[in-house]
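1. Test case, fold it:
(2 chains)
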Amino acid sequence: MGSVIRVNAYGGTQDEAQTLCEAACDAVQALDTRVLSKTASSSELYRLNHTDAADFPVAVSSELWDALAETKAIYAHSGGKAALASGALTSLWGMDTDTFRVPTQEEIDAARALCSDDTVQLDAENSTVSFAPGQELNLGSTGKGIGCDRAAEILREAVTAGTISGAVASVGGSVATVGSPDGESSAWRVGIRDPYGAANEYFATLSVGEAFLSTSGSYEKQFTENGKTYHHILDLTTGYPAETQLVSVTILAKTGLQSDALSTLCFLLGEAESREVLDLYDAQAVFVYADKTVSATESIRNDITLVNDAYTWR
Amino acid sequence: MKERKWISKTDGIVLCALVLCAAGCLLWRAFAQPGAVATVTVDGETVLQIDLQTAADAQSYTLENGVRLVAEDHAVRFAESDCPDGICMETGAISKAGETAACVPNRTVVYITGGTANDVDMIVY
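-> Okay, here's the model as predicted:
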């Protein structure tokens, strides 16, 4: 369990780069244990979920408030398929703890009733949060992206200071690229994981400048019960894993939080329905279908090279 | 609705070890030596190095913590681990400079230095 944080720095001296990579890693880890984690009792989100925020609004740090507000705002485009308050349902399926099971229909109906963001109030002025009893707020689908934002902040300072020319960070598979590999205009090359291959195999490469990338794929966290395979991306309108022809969606966005939230959202919405929200956030997407056909938003299509022959453009 | 628990507190040490390794081995591609070497660390301590240039036939390595690695065809992979998730074994074989495989529950990290660099800077998944 847990995700691997990886930071590679380019340019500069080995000592400086190593210290920097450690600092970036520590900062991401601290952010999770202190603020974002849903399951670690040390985190602010854990305490919030275990307080009765229904009767009186609870004041939270601006860090947490911003994360909650932006996650909620993006999922407001989901037509009820995704929500900040998805915790009751993800807990029920055992997805927070990797103890997967298929719940009964009664359990699903009861949990779904607690997953609406309509009862989640975020007061900007007082930096407070309140929600209905039994609801659980969940940053599981944006936390890795927020981690990338934190890492990128530290790495960008080092690039500006001239300590390194650039760096790439990965927080559990969500990626941030900062600066450039050689201090000039060279692009970064990011591989997009092959949904049908091993974890270190990619079917396409994407050439990018400074960017944030995240992928949501049904290949991750699968489990099989009574011969049926379930993936982990839940559609809150049904309470079950999303039924879709997509196997993965990769998003390139302005921030890590946006790329992470949009990858889940676009996986749930499907390609056609995703256009509007992608435009709104000025984000790009790569859609991979079960028949190994691929499509991408216009402006990044030329930056993508399919390196596995089994994959073709739609 | 992706991964719920993305870093647990107890994973800290191994994660930092991994970052250290990644930082060390990927600083400058120019530093790469000819011939790939797999370095295995447990709790950040190097416990084994495998010369992948000469590792053609399957060779099995069992660590003190029970984790078993197999080097074959100039690549190395986790072959056996008692971890609950098995993510390390799903990673598959790694062979190119900069590639990393980790078994977080067993605090074991394998990374490759030298040889030909992977032709991507990172994989998004």
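2. and whichever residue of chain B sits closest to chain A, helix, strand or coil?
-> Nearest residue of chain B to chain A (CB to the nearest CB) works out as residue B:92 at 3.1 Å. (C-beta placed from N, C-alpha, C; glycine too.) Judged by DSSP: H, G, I helix; E, B strand; the rest coil, the three-state class of residue B:92 is coil.
3. can I assume it is in contact with residue A:199?
-> Yes: contact criterion CB atoms under 8 Å: residue B:92 and residue A:199 qualify, at 6.4 Å.
4. Distance of residue A:262 relative to chain B?
-> 12 Å (CB to the nearest CB, to the nearest Å).
5. Let me know the pLDDT of that residue.
-> For residue A:262, the pLDDT comes out at 98.
6. Quick check: which element contains it?
-> Under the criterion of DSSP states H and E, residue A:262 resides in helix A:256-269.
7. what packs against that helix?
-> Packing partners of helix A:256-269 (3 or more CB pairs under 8 Å, 6 or more residues apart in numbering or on different chains; DSSP states H and E): helix A:62-75, helix A:143-160, strand A:174-179, strand A:211-217, strand A:246-253, helix A:271-280, strand A:284-289.
8. Of these, which stretch is the most buried?
-> Most buried of the helices and strands packed on helix A:256-269, by mean neighbour count (mean count of other CB atoms under 10 Å in any protein chain shown): strand A:174-179, with a mean of 29.
9. could you give the mean pLDDT of that one?
-> In this model, strand A:174-179 has a mean pLDDT of 97.
10. What strands line up against the following helix or strand past that strand, and which way round?
-> Next helix or strand after strand A:174-179 toward the C-terminus (DSSP H and E): strand A:188-193. If you go by DSSP bridges, strand A:188-193 pairs up with strand A:202-208 (antiparallel), strand B:122-124 (parallel).
11. Strands of chain B, residue ranges please.
-> Using DSSP state E, the strands of chain B run over residues B:37-42, B:45-51, B:59-62, B:68-72, B:75-80, B:100-103, B:108-113, B:122-124.
12. where does the stretch 51-200 of chain A have low pLDDT?
-> Low-confidence segments of the stretch 51-200 of chain A, defined by pLDDT under 70, span residues A:52.
13. Which one of the residues in it is closest to chain B?
-> Counting by CB to the nearest CB, the stretch 51-200 of chain A gets nearest to chain B through residue A:198 (3.1 Å).
14. burial count for that residue?
-> 15 (other CB atoms under 10 Å in any protein chain shown).
15. One more: residue A:107?
-> By the other CB under 10 Å criterion, the neighbourhood of residue A:107 contains 16 residues.
16. same deal with the one 4 residues further on?
-> One way to gauge burial is a neighbour count; for residue A:111, by other CB under 10 Å, it gives 23.
17. Distance check, it against residue A:86.
-> 9 Å (CB to CB, to the nearest Å).
18. how much space between residue A:219 and residue A:4?
-> 17 Å.
19. most centrally placed residue in chain A?
-> Taking CA atoms, centre = their mean as the criterion, residue A:260 is the residue nearest the geometric centre of chain A, at 2.7 Å.
20. Name the nearest residue to that residue, sequence neighbours excluded.
-> residue A:145 (2.8 Å; CB to CB, 6 or more residues apart in numbering or on different chains).
21. got a list of what that neighbour touches?
-> By CB atoms under 8 Å, 6 or more residues apart in numbering or on different chains, the contact list for residue A:145 reads A:171, A:174, A:212, A:214, A:255, A:256, A:257, A:258, A:259, A:260, A:261.
22. change it to 7 Å
-> A:174, A:212, A:214, A:256, A:257, A:259, A:260, A:261 (CB atoms under 7 Å, 6 or more residues apart in numbering or on different chains).
23. Could you tell me the model confidence score at residue 15?
-> Just going to use chain A. Listed pLDDT for residue A:15 reads 88.
24. not what I meant, chain B
-> Here, the pLDDT recorded for residue B:15 equals 59.
25. returning to what we had before: comparing residue A:219 and residue A:4, which residue is more hemmed in?
-> Between residue A:219 and residue A:4, residue A:4 has the larger neighbour count (other CB under 10 Å), namely 23 against 18.
26. now the more buried one: how far from chain B?
-> Note on residue A:4: its distance to chain B, by CB to the nearest CB, is 6 Å.
27. Who does the closest residue to that residue other than its chain neighbours form a beta bridge with?
-> Using CB to CB, 6+ apart and skipping residues adjacent in sequence, the residue nearest residue A:4 is residue B:102, 5.5 Å away. Beta bridges link residue B:102 to residue B:109, judged by DSSP bridges.
28. Tally up the residues packed near residue B:102, please.
-> Here the number of neighbours of residue B:102 (other CB under 10 Å) works out to 25.
29. Was I right to think it contacts residue B:109?
-> Yes: counting by CB atoms under 7 Å, residue B:102 does reach residue B:109; the two are 4.7 Å apart.
30. Flag the shaky bits of chain B, pLDDT-wise.
-> Filtered on pLDDT under 70, chain B yields the residue ranges B:1-34, B:115-118.
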